[in-house]
Each structure stands twice: as structure tokens, then as C-alpha cells.
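Undergrad: Prediction below, plus the sequence it came from.
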Amino acid sequence: MRFSPIFDPVSSQATAILRVSVVGFVVAAVIFVGVTVWVVYSLIRFRARLENPEVEKPAFGNLKLEIAWTLVPVLIVIFLFAITARGMRLSDPPADRDPDILVIAHQWWWEIDYLHTGVLTANELHIPVGRKLLLRLESADVIHDFWAPQLGRKIDMVPGHPNSLWIEADRTGAFSGSCGEYCGTQHAWMRFTVFADTPDDFGHWQEAQRLSARVARLGRPLAGQQLFTQLTCVNCHALRGTQNVARVAPDLTHFASRTTLGAGVLPNSPPNLARWLLNPQDVKPGCLMPNFQLNTGQVADLVAYMETLK
Ligand code: CUA
């Protein structure tokens, strides 16, 4: 049975954190049980009784006892300090080279920029299994916090102060993450997923993501593509390969290849996209995409176009 993803680490960094937690918990539990048993025993054993008025005298000035109860806690604290320092070193190795991926936190989504390949996406991070990649973490507005519990430590994303984090996974899979620092009304819907792919899958994904946005030629997709420019979607969203390069909101070049909408608020499906376009404020109140008062025909055209953006 799985209680929480933190008990199922998939990287050496997350395993180091779990080990420190478990050892610390066991030490604390032994002390707690020992003290509780001793207190209960003393309550019964040394209780003043009418039939036995000769209560045992307290032991004062027992040097051996005093040395023991000073030394043992000091040794326990030194031990906990040592395993914590080791855990911190293992879970957060120094960033000794240029980052591979820039992650910029926004209210309330994640911009993901593969610095060496030009891939730009949002809310979904793909990594090759078994390879360590270095993230550079920034924020575009307020303090956020990057946390994928199965992969490693939490780390704050502070405006004007970039942080670094190594990320790796020992097995393939999809590992969820979230923002770990309250950052405004939609903090709870600031989720992301890290996909650890086989090297082949990662290569294919990266090749597909490098391509320019597909150009629509006919029918509803073409109408949607025209609306996309006319309705000022392009003031915030980029489509690579076109002149629309704004980076205010998620890059939509390969929008249809992603699994969720609005940083996890809905699965990415045509009906959900229609719901979102009709009124984003209904789906994710407070998000920075306004209600454009689109009619259902416009929404259908936009959905048809955006579903081609694989
Ligand atoms: Cu971003 Cu909480």
C-alpha cells in the first residue's frame, strides 16, 4: 500500500531524504516510548500510599546518572546532525556545470525551456531515465516552490535569485509535482508532471517538440488559426515558427501533446478545452487568462485548430 509518494522515491536524492526522515523518526519514536514507559512506571512504583508511607527517597547527586543523561542526548544530537548533513549533501549536489533546463514559475503555471535544444513547453517536464539533468529555477512574479516528492528536495523559486536543482529518475514513469509555497489564489492548481522516458522516447519527444507549430490549411482549423491571431491570443501565447513569440502565457506550439490544461486543473481533451475557452475564470478563478466572451462557433474553431498542435 502506498501512503504517499514521499515513501516511494525514484532517485538517489529523494532516497537520501527518505532515509534521514525514517532514521530521525525511529530515534524520536524510541525516545518517546522510553520516556512514556518510564513515566507510567514511576507513577505506579513511586506513588505515595496510605498503607506504605515510607516512599523511597529521591536520588540526589548521582554523578554517573547525571553524566549519562547529559552525554546520551548529546551523542544522539551529534548523530542526527551527522546523518542530516550527509542527507543534505546527497540530496542537493552542487551545481557544477551549465543548466540543461530553465524552469520559470508563473502565477500559476510552469514555463519549461530546454536551453540546449530550443524546446519550450509548459507544466510537463520530460527527462531521460537514469540521466542527471540540471535545472535552473526562476520566478517571473512571486515566490513559488518546485517540489516533485519522488524525485528530490523542495526548492524555492525566488524572483531575482535563481536556484539550481539536479533532477533524475531511476525508472520510467510519470511523477507528479506541485508548487510548495503559497503564491496566490490558484496556488493549489499549480501542478506539473515529470515524465521519465526511455532514451529513445525522450529523443522522439524532443525531436517532435523542436518542430514549428503546424500550419492549418483548411476548414475549422484554418478558421481557428485566423481567430487565434485576430483575438489577441498571440499577445500572450507563442507559436514557434510564426512571428508570435510572446512569453506571458504558456507556449502553445505543441499544446495538444500535453496531458493537462491550466497546470493540472483539467485533463487536456477537446470538451475541456472548449470549457476553458468559454470562460477560463469559471474553470480556474483568478487565473490571468481573461474571459474573451467567445461564442460557441469561435470556440469550436479554436478547439479544432488547437487540437492540430501536436
Ligand atoms: Cu506557485 Cu504556490
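TA: Received it, and whenever you're ready, just let me know what you need.
Undergrad: Residue of the stretch 1-150 of the chain closest to the ligand, please.
TA: Per CB to the nearest ligand atom, residue 144 is where the stretch 1-150 of the chain lies closest to the ligand, at 3.4 Å. All C-beta spots, glycine's among them, are computed from the backbone N, C-alpha and C.
Undergrad: Now do the strands in the stretch 201-310 of the chain.
TA: Secondary structure of the stretch 201-310 of the chain (DSSP state E, counting those that start in this stretch): strands located at 260-261, 266-267.
Undergrad: So which residues on the chain come close to the ligand?
TA: Residues of the chain that fall close to the ligand, judged by CB under 6 Å from any ligand atom: 105, 108, 144, 179, 181-183, 187, 190.
Undergrad: Which of those ranks first by neighbour count?
TA: Highest neighbour count within the residues of the chain next to the ligand: residue 144, with 30 neighbours (other CB atoms under 10 Å).
Undergrad: circling back: out of the strands of the stretch 201-310 of the chain, which one sits most buried?
TA: A comparison of those by mean neighbour count, using mean count of other CB atoms under 10 Å, puts strand 260-261 on top with a mean of 20.
Undergrad: before we move on, back to that, dump the strands of the stretch 201-310 of the chain to a markdown table, plus distance to residue 150 and mean pLDDT.
TA: Compiled in a markdown table, those are given as follows (distance: least, CB to CB, whole Å; pLDDT from 0 to 100):
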| stretch | distance to residue 150 | mean pLDDT |
| --- | --- | --- |
| strand 260-261 | 18 | 93 |
| strand 266-267 | 21 | 94 |
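Undergrad: Please convert these to TSV, extending it with distance to residue 36.
TA: Listed next are those as TSV, based on distance: least, CB to CB, whole Å:
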stretch	distance to residue 36
strand 260-261	47
strand 266-267	48
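Undergrad: Show the subsequent helix or strand relative to the lengthiest helix in the chain.
TA: Assignment by DSSP state H gives helix 12-45 as the longest helix of the chain. Sequence order places helix 63-91 as the next helix or strand after helix 12-45, per DSSP states H and E.
Undergrad: hmm, back to that, narrow the residues of the chain next to the ligand to those in strands?
TA: Among the residues of the chain next to the ligand, the ones falling in strands (DSSP state E) are 105, 144, 179.
Undergrad: which of those lies closest to residue 213?
TA: residue 105 (24.4 Å; CB to CB).
Undergrad: circling back: check whether the residue of the stretch 1-150 of the chain closest to the ligand really touches residue 178, as I assumed.
TA: No - Residue 144 is not in contact with residue 178 according to CB atoms under 8 Å; the separation is 10.0 Å.
Undergrad: what's the overlap in contacts for those two?
TA: Common contact partners of residue 144 and residue 178 (CB atoms under 8 Å, 6 or more residues apart in numbering): residue 190.
Undergrad: what does stretch 264-282 contact?
TA: 123, 178, 189-193, 255-256, 258-262, 283-284, 287, 289-292, 294, 296, 299-300, 302-303, 306-307.
Undergrad: Endpoints of it, how far apart?
TA: 15 Å (CA to CA, to the nearest Å).
Undergrad: Equivalent analysis for stretch 178-191, please.
TA: 4 Å.
Undergrad: Give the rounded mean pLDDT of it.
TA: Mean per-residue pLDDT for stretch 178-191: 96.
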